[in-house]
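Q: predicted model and sequence below, questions to follow.
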Amino acid sequence: MQSLQDRIRESVVADIQSGALRPGAQIDEKALADDFESSRTPVREALLMLAAQGLVTIVPRAGMFVHKPTAAELVAMFETLAEMEGVVARLATQRISPAGKKVLAQAHDAAGLLAEHGDTAGYIEANRKFHDVLYQAAANPFLSEQIVQLRRRLAIYWQQKGLINDARVPSSHREHARVIEAVLAGNSDAAAEAMRTHISAGGKAIADLVLLANTMME
C-alpha cells in the first residue's frame, strides 16, 4: 500500500508531466494538503523528494516551484539521456533473446503503421513501448530507473514542445529502423550509435525550441 507521501508525490509528478503544473509554476502546498486531507508535513516531505530528483526547486522564503531548466540544462539532460539510451541499446543487443527480438520487431512494425496513418498520439505510445522492450532486454533495472527519472524531468517538453509531432514521426521511425537493424544483426556498437543519434536528434529540436522561446521573451 502506498504511503501518503508517495500518493502526493505521484500526483504532483502527474501534474508536471501533463502540463497542469508548468515549469516555473509555484506549487500550492496548502491546496495539496487540502486535496489529500493531510497536514503540511507529508506534502513538504513529498516535495522534498521531488526536489532531490530535480523536478522541484526550493526558493528560500518564497516556496516550492516546478523546476524550469535553461536551454543549456536541457541540452545537458538530453546528452545524458542519449548516452544512457545508447548503453541500453548496447546491452539489449548483447542480451536480447530470440523471443525478445520478435517482440521488438512487432513493436517497430506497429509503430510504422501508426506513422503511415498519421496517428501521432498513437505513435507516441508505440514509441514508449518500443523503448520499453529494449529496457527489458538490457536487463539492467538500475539503468532503466535512472532513465525513467530523467524522462520524467523531460516529459513536459516531450508533450508541450513537440518532441514527437507530425513532422518528427517519420524521421523518428526511420531512426528506430536503424536501431532495430543493428540489434537484430547483433552489432552492439552500431545499435548504441544509432540510439544516441536518435535521442540527440529529438533533444536538439527541443533545446532549439526552448532557446527560441526564451529569445522571443527578451
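A: Looks like it arrived, so ask away.
Q: so the spatially most central residue of the chain is in which element?
A: Note on the chain: the residue nearest the mean C-alpha position is residue 151, at 2.4 Å, using CA atoms, centre = their mean. In this structure, residue 151 sits in helix 141-160 according to DSSP states H and E.
Q: from the chain's centre, how far out does that helix sit?
A: Chain-centre distance of helix 141-160: 3 Å, with CA atoms, centre = their mean, to the nearest Å.
Q: how is this protein partitioned into domains?
A: When the chain is parsed with automatic domain parsing, its domains come out as 4-66, 71-217.
Q: confidence-wise, which of the ones you listed is weakest overall?
A: Lowest mean pLDDT of the domains of the chain: domain 71-217, a mean of 87.
Q: which strand or helix spans residue 177?
A: helix 169-185.
Q: just the residues contacting that helix, thanks.
A: 89, 92-93, 96, 101, 104-105, 108, 111-112, 115, 118, 120, 123, 127, 130, 134, 164, 188, 190-191, 193-195, 197-198, 201-202 (CB atoms under 8 Å, 6 or more residues apart in numbering). (Glycine included, C-beta is placed from N, CA and C.)
Q: from the residues you listed, which would you call buried?
A: Buried subset of these (neighbour count, 16 or more other CB atoms under 10 Å): 89, 92-93, 96, 101, 104, 108, 111-112, 115, 120, 123, 127, 130, 134, 164, 188, 190-191, 193-195, 198, 201-202.
Q: just those: which are in helices?
A: 89, 92-93, 101, 104, 108, 111-112, 115, 120, 123, 127, 130, 134, 188, 190-191, 193-195, 198, 201-202 (DSSP state H).
Q: from the contact counts, what lies against the helix holding residue 151?
A: helix 4-18, helix 71-95, helix 120-138, helix 188-217 (3 or more CB pairs under 8 Å, 6 or more residues apart in numbering; DSSP states H and E).
Q: alpha carbons of it, as CSV, please.
A: Taking C-alpha atoms only, helix 141-160 is exported to CSV below (Å, rounded to 0.1, in the frame of the first residue of the first chain):
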residue,chain,number,x,y,z
PRO,A,141,17.0,-2.3,-13.7
PHE,A,142,19.3,0.4,-12.2
LEU,A,143,20.0,1.9,-15.6
SER,A,144,16.3,1.8,-16.5
GLU,A,145,15.4,3.5,-13.3
GLN,A,146,17.8,6.4,-14.0
ILE,A,147,16.4,6.8,-17.5
VAL,A,148,12.8,6.9,-16.2
GLN,A,149,13.7,9.6,-13.7
LEU,A,150,15.4,11.7,-16.4
ARG,A,151,12.5,11.2,-18.8
ARG,A,152,10.2,12.4,-16.1
ARG,A,153,12.1,15.7,-15.9
LEU,A,154,11.8,16.0,-19.7
ALA,A,155,8.2,14.8,-20.1
ILE,A,156,6.7,18.3,-20.2
TYR,A,157,9.0,19.2,-23.1
TRP,A,158,8.0,16.0,-25.0
GLN,A,159,4.4,16.8,-24.7
GLN,A,160,4.2,20.6,-24.8
